[in-house]
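>>> what follows is a protein structure lacking sequence information:
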């Protein structure tokens, strides 16, 4: 048996972890890091199955109040592609990318979206510290189609040899979005227009409301960073009583106590939980974006109908 010199053994030992990482990377096909769970699911539907997709802000977590951890810096440093929502949603992302040393492309999934802007009075009542645009564009399936196309284009640029596979997966998902949209529109149409008023924890559903003809009211604005003022809550309570709003909903990312207090003061009923800015855990009712959207609209229709 031939014995290798000691220096060769040391070199082999040093290179082994690098070789293992290279083999692991080849087996996986690449790494994509998305800013939050909903966006990660959209990427996962379009990316080839061997590309690993992870989210910085996980399931049932509030991206508005999220604080990066050391492990997130390492995850970004090892990414092949980073995907963010944009529209001011991830205020923490710029510093996190800088600290990680990531130098690759950053894909803004909402690029090209015509963002909602507040009416003057609404802007005074709510804390819109994301800026003057509503970042929750994924709450409109028409805007999600744009997200999917932007994601597919970015993935194809990063992995051009797999462009056909990416385009095929994106096409299948776009068809699923169209099918869901048609079914949910019919469901919402079963509710008289006068009953389509809803209270949610924070103002995350404006795009959905505009798309389906539902009026959403909320004690908090586009972010959950700060508590609403007593005056704003008082105005909302008066409006609920005057308009006889029956449907109140808490959110999976928010403390339910404020909505429960408003329910007690107005006599309205809490109709359940909506999933606004995060998926549910696996096995929950909103473990994917399509499941989330379907669950939210069905829950809203039940609440508005008094079922």
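That came in fine, so what should we check first? A quick note: this is a predicted structure, and the numbers were derived from the prediction, not measured.

>>> can we go C-alpha only for contacts and neighbour counts from here?
Will do.

>>> low-confidence bits of the stretch 151-300 of the chain, can you list those?
Residue ranges of the stretch 151-300 of the chain with pLDDT under 70: 201-202, 219-229, 232, 252-256.

>>> show me where it has strands.
197-199, 215-217, 247-251, 269-274 (DSSP state E, counting those that start in this stretch).

>>> adding mean neighbour count as columns, could you present those in JSON lines?
Shown next, in JSON lines, are the strands of the stretch 151-300 of the chain (neighbours: other Cα atoms under 10 Å):
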{"stretch": "strand 197-199", "mean neighbour count": "23"}
{"stretch": "strand 215-217", "mean neighbour count": "20"}
{"stretch": "strand 247-251", "mean neighbour count": "24"}
{"stretch": "strand 269-274", "mean neighbour count": "20"}
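
>>> quick one: closest of those to residue 179.
Checking the strands of the stretch 151-300 of the chain against residue 179 by Cα to Cα gives strand 269-274 as the closest, at 21.4 Å.

>>> what's that closest one in contact with?
Applying Cα atoms under 8 Å, 6 or more residues apart in numbering, the set of residues contacting strand 269-274 from outside is 246-252, 259-260, 263, 296, 299-300, 302-303.

>>> closest to residue 153 among those?
residue 296 (28.7 Å).

>>> can I assume the closest one is in contact with residue 275?
Yes. Applying Cα atoms under 8 Å as the test, residue 296 and residue 275 come out as touching, 6.6 Å apart.

>>> those two: which has the busier surroundings?
Neighbours per residue, other Cα atoms under 10 Å: of residue 296 and residue 275, the larger number sits with residue 275, 23 against 19.

>>> now do the helices in this structure.
6-28, 37-46, 70-77, 93-100, 120-125, 141-158, 163-188, 206-212, 230-243, 257-266, 289-305 (DSSP state H).

>>> tabulate these (JSON lines), appending distance to residue 281.
Converted to JSON lines, these look like this (distance: least, Cα to Cα, whole Å):
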{"stretch": "helix 6-28", "distance to residue 281": "24"}
{"stretch": "helix 37-46", "distance to residue 281": "10"}
{"stretch": "helix 70-77", "distance to residue 281": "20"}
{"stretch": "helix 93-100", "distance to residue 281": "23"}
{"stretch": "helix 120-125", "distance to residue 281": "33"}
{"stretch": "helix 141-158", "distance to residue 281": "21"}
{"stretch": "helix 163-188", "distance to residue 281": "21"}
{"stretch": "helix 206-212", "distance to residue 281": "22"}
{"stretch": "helix 230-243", "distance to residue 281": "31"}
{"stretch": "helix 257-266", "distance to residue 281": "22"}
{"stretch": "helix 289-305", "distance to residue 281": "11"}
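
>>> what's the domain layout of this protein?
With domains defined by automatic domain parsing, the chain comprises 27-178, 188-305.

>>> figure out how far the shortest one is from the centre of its chain.
Mean-position distance between domain 188-305 and its chain equals 16 Å (Cα atoms, centre = their mean, to the nearest Å).

>>> also the first one?
Taking the mean C-alpha point of domain 27-178 and that of its whole chain, the gap between them comes to 8 Å (Cα atoms, centre = their mean).

>>> ok, the spatially most central residue of the chain - contacts?
Most central in the chain under Cα atoms, centre = their mean is residue 38, positioned 3.6 Å from the mean C-alpha point. Residue 38 sits next to 277-279, 288-289 when contact means Cα under 8 Å, 6+ apart.

>>> could you identify the most distant pair in the residues you listed?
Spatially, the most separated pair among these is 277 and 288, at 12.1 Å (Cα to Cα).

>>> looking at the two, which is more packed in?
residue 277 (26 against 23).

>>> got the contact list for the more buried one?
38, 61-63, 136, 204, 253.

>>> so residue 306 touches residue 245, yeah?
No. Contact criterion Cα under 8 Å: residue 306 and residue 245 do not qualify, at 10.6 Å.

>>> higher neighbour count, these two?
residue 245 (22 against 12).
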